[in-house]
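# Coordinates for the following, if possible.
(one chain, ligands or ions: 1)
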Amino acid sequence: MVTIDHLGENVATEAEAREAADAYVRLLDALALARLKAHVSVKLTQFGLDISDEACLANLRRVLDRARPSETFVRVDMEGSAHTDGVLRSVRAMKASGYDNVGTVIQAYLFRSADDIASLCAEGIRVRLCKGAYKEPPDKAYPKKTDVDANYVKLTEALLAAAKETPGLYPALATHDPKMIDAAKRYASQHGIPSSSFEFQMLYGIRRDLQDQISKEGFNVRVYVPYGTQWYPYFMRRLAERPANLWFFVSSLFKP
Ligand SMILES: Cc1cc2nc3c(=O)[nH]c(=O)nc-3n(C[C@H](O)[C@H](O)[C@H](O)COP(=O)(O)OP(=O)(O)OC[C@H]3O[C@@H](n4cnc5c(N)ncnc54)[C@H](O)[C@@H]3O)c2cc1C
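This is a model prediction of the structure:
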């Protein structure tokens, strides 16, 4: 399965934000025409979150309206911590006005995330859990990777426990880390949580061997597929996670 992301973030004008939403509308039309059951992932700074709440919500609403007839799920990605409240406020506003095809993302590196997960689950809002990809200050996020990993496992367990109580919550565990994946599988099997009640997610092209393996084991796997011309910030985040990707990228440029 896939979730498709039209690359872009931090636009500077309302016109650019509208164009970004237009691109999603075209994407949703193409998916519906091809009868593809995909999700889409959006970033709210691409829809104008830094410019005006009103414009951003209007763009998000337009995308959700277009996604609704084909029951396409729209995931609102999480960005840097300066935007956490704005993203959660916008997703809650959509859910409160009757959209059930919207969910968001929580980052295990933030101290606040256990509380956010508890309230989002109580409100019936679907969560994707990731470690977090932005540079954050030590008063907001765990600086040590071991602490982020420990929190990821704790939050995975909270999400799986909530999914057992409320099957529609269907959490998404986004990671390429075999230790996180094993911890999730172990908790699910120990607590009788069926593999159909959650999914794993990974980025397009990363650990394809692992994507195959866990899919063959019978788990749901969704691949995040970014496309478009605004690839630079996405690429830089991937490089920061794994500098070896720079060599991979440069060598692929020279392949015949
Ligand atoms: C589907 C999906 C959606 C995401 N959405 C968001 C979001 O909305 N907001 C956000 O802040 N972050 C998001 N992220 C990014 C996430 O927060 C992490 O930065 C990223 O996934 C790396 O963390 P990891 O869990 O894979 O573990 P890490 O500890 O970073 O890596 C574990 C192992 O995975 C492999 N690996 C990891 N990254 C790479 C790479 N770039 N290239 C090659 N191998 C790699 C390596 O083998 C590594 O040892 C998303 C990630 C995924 C998979």
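# Do me a favour and average the pLDDT over stretch 51-67.
Averaging pLDDT along stretch 51-67 gives 97.
# For it, which outside residues touch it?
Outside stretch 51-67, the residues that touch it by C-beta atoms under 8 Å, 6 or more residues apart in numbering are 11-14, 17-18, 20-21, 24-25, 28-29, 40, 42, 44, 47-49, 73-74, 76, 86, 89-90, 93-94, 99, 101-102. Where C-beta positions appear, they are placed from N, C-alpha and C, glycine not excepted.
# What about these, which are in helices?
14, 17-18, 20-21, 24-25, 28-29, 86, 89-90, 93-94 (DSSP state H).
# and the stretch 101-250 of the chain, which of its residues are near the ligand?
Residues of the stretch 101-250 of the chain lying close to the ligand by C-beta under 6 Å from any ligand atom are 105, 107, 130-134, 174-177, 201-203, 206-207, 224, 238, 241-242, 245.
# Extract the residue ranges of the stretch 101-250 of the chain that are flagged as low pLDDT.
Low-confidence segments of the stretch 101-250 of the chain (pLDDT under 70): 248-249.
# one more time with 50
Of all residues in the stretch 101-250 of the chain, none has pLDDT under 50.
# the helices in it, which residues?
For the stretch 101-250 of the chain, helices defined by DSSP state H, counting those that start in this stretch occupy the ranges 113-122, 145-165, 178-190, 208-216, 232-241, 244-253.
# Format those as a markdown table; extra columns: distance to residue 196 and mean neighbour count.
Listed next are these as a markdown table, based on distance: least, C-beta to C-beta, whole Å; neighbours: other C-beta atoms under 10 Å:
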| stretch | distance to residue 196 | mean neighbour count |
| --- | --- | --- |
| helix 113-122 | 18 | 17 |
| helix 145-165 | 10 | 17 |
| helix 178-190 | 10 | 16 |
| helix 208-216 | 13 | 14 |
| helix 232-241 | 30 | 14 |
| helix 244-253 | 33 | 10 |
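# is it possible to export these to TSV including distance to residue 5?
Listed next are the helices of the stretch 101-250 of the chain as TSV, based on distance: least, C-beta to C-beta, whole Å:
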stretch	distance to residue 5
helix 113-122	21
helix 145-165	22
helix 178-190	21
helix 208-216	17
helix 232-241	8
helix 244-253	18
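# next one: stretch 8-15 to chain centre, how far?
In terms of C-alpha atoms, centre = their mean, to the nearest Å, the centre of stretch 8-15 is set 20 Å apart from its chain centre.
# Now find how far off-centre the helix or strand harbouring residue 61 is within its chain.
Using DSSP states H and E, residue 61 sits within helix 53-67. Chain-centre distance of helix 53-67: 18 Å, with C-alpha atoms, centre = their mean.
# buried sites along it?
By neighbour count on 16 or more other C-beta atoms under 10 Å, the buried set for helix 53-67 is 55, 56, 57, 58, 59, 60, 61, 62, 63, 64, 66, 67.
# ok, so of the residues you listed, who is nearest the ligand?
When the buried residues of helix 53-67 are compared for distance to the ligand (C-beta to the nearest ligand atom), residue 60 wins out at 15.0 Å.
# how far away is that closest one from residue 69?
Distance from residue 60 to residue 69, counting by C-beta to C-beta, to the nearest Å: 17 Å.
# about what we covered before: for the buried residues of helix 53-67, give me CSV that also has distance to residue 3.
Shown next, in CSV, are the buried residues of helix 53-67 (distance: C-beta to C-beta, whole Å):
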residue, distance to residue 3
55, 24
56, 20
57, 21
58, 23
59, 18
60, 16
61, 20
62, 19
63, 13
64, 15
66, 16
67, 12
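# Present those residues as TSV; the columns should include distance to the ligand.
Listed next are the buried residues of helix 53-67 as TSV, based on distance: C-beta to the nearest ligand atom, whole Å:
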residue	distance to the ligand
55	21
56	16
57	19
58	22
59	18
60	15
61	20
62	21
63	16
64	17
66	21
67	18
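# hmm, back to that, of the ones in helices among the contacts of stretch 51-67, buried ones?
14, 17, 18, 20, 21, 24, 28, 86, 90, 94.
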